[in-house]
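K.L.:
quick one, fold the following:
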Amino acid sequence: QVQLVESGGGLVQPGGSLRLSCAASGFTVANYAIGWFRQAPGKEREGVSCIRTGTYYADSVKGRFTISRDNAKNTVYLQMNSLTPEDTAVYYCAADSIGCSPHRMDYWGKGTLVTVSS
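P.N.:
Numbers count the residues shown, from 1 in each chain. From the prediction side, this is the model:
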């Protein structure tokens, strides 16, 4: 059974950091494109970062977020630094056999809430 479970969200002050984890089961993350997406209240879901053979970052997070993969743990991480209130959203990880798109992924997690507020 394929499953993606996100963790690591929470409340953080502006300028702070969080590390999100996406633990996969039922498939091998090294063989898939794994993406992080987010959806803020009242906004459409957007792509944040993706990893497969290389990495991709949305312009809004470049230089602040880092995606990584631990094949031994079958887990993908998103290190988020210098967080701002604009980063507040539910963050989802997803997997696809082809590539990352907010509108077409094979598998989705249930999401973890990140709130950036003082």
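
K.L.:
which strand residues bridge the residue nearest the centre of the chain?
P.N.:
Nearest to the geometric centre of the chain sits W36, at 2.6 Å (CA atoms, centre = their mean). In this entry, W36 is beta-bridged to S49, C93, by DSSP bridges.

K.L.:
how about the residue of the chain most remote from its centre, nearest residue that isn't a chain neighbour?
P.N.:
For the chain, the largest distance from the centre (CA atoms, centre = their mean) belongs to S118, which lies 22.8 Å off. In space, and not counting its chain neighbours, S118 is closest to Q13: 5.4 Å by CB to CB, 6 or more residues apart in numbering. (Each C-beta comes from the backbone N, C-alpha and C, glycine too.)

K.L.:
could you tell me how many residues sit around the residue lying closest to G109 once chain neighbours are set aside?
P.N.:
Among residues not flanking G109 along the chain, L4 sits closest, at 3.7 Å (CB to CB, 6+ apart). By the criterion of other CB atoms under 10 Å, L4 has 23 neighbours.

K.L.:
assign L4 to helix, strand or coil.
P.N.:
strand (DSSP: H, G, I helix; E, B strand; the rest coil).

K.L.:
hang on, it packs against A95?
P.N.:
Yes - if you go by CB atoms under 8 Å, L4 and A95 touch, sitting 6.4 Å apart.

K.L.:
joint contacts of those two?
P.N.:
Counting by CB atoms under 8 Å, 6 or more residues apart in numbering, the contacts common to L4 and A95 are A24, Y107.

K.L.:
would you confirm that the residue nearest to S118 contacts S117?
P.N.:
Yes - using CB under 8 Å, Q13 is in contact with S117, at 7.3 Å.

K.L.:
and R69, how many neighbours?
P.N.:
Around R69 there are 18 residues (other CB under 10 Å).

K.L.:
state the distance from it to P41.
P.N.:
Per CB to CB, to the nearest Å, R69 is found 29 Å from P41.

K.L.:
do the same with L11
P.N.:
From L11 to P41 the distance is 15 Å (CB to CB).

K.L.:
out of the two, which sits in the busier spot?
P.N.:
Neighbour count, other CB under 10 Å: between L11 and P41, L11 has more, with 12 against 7.
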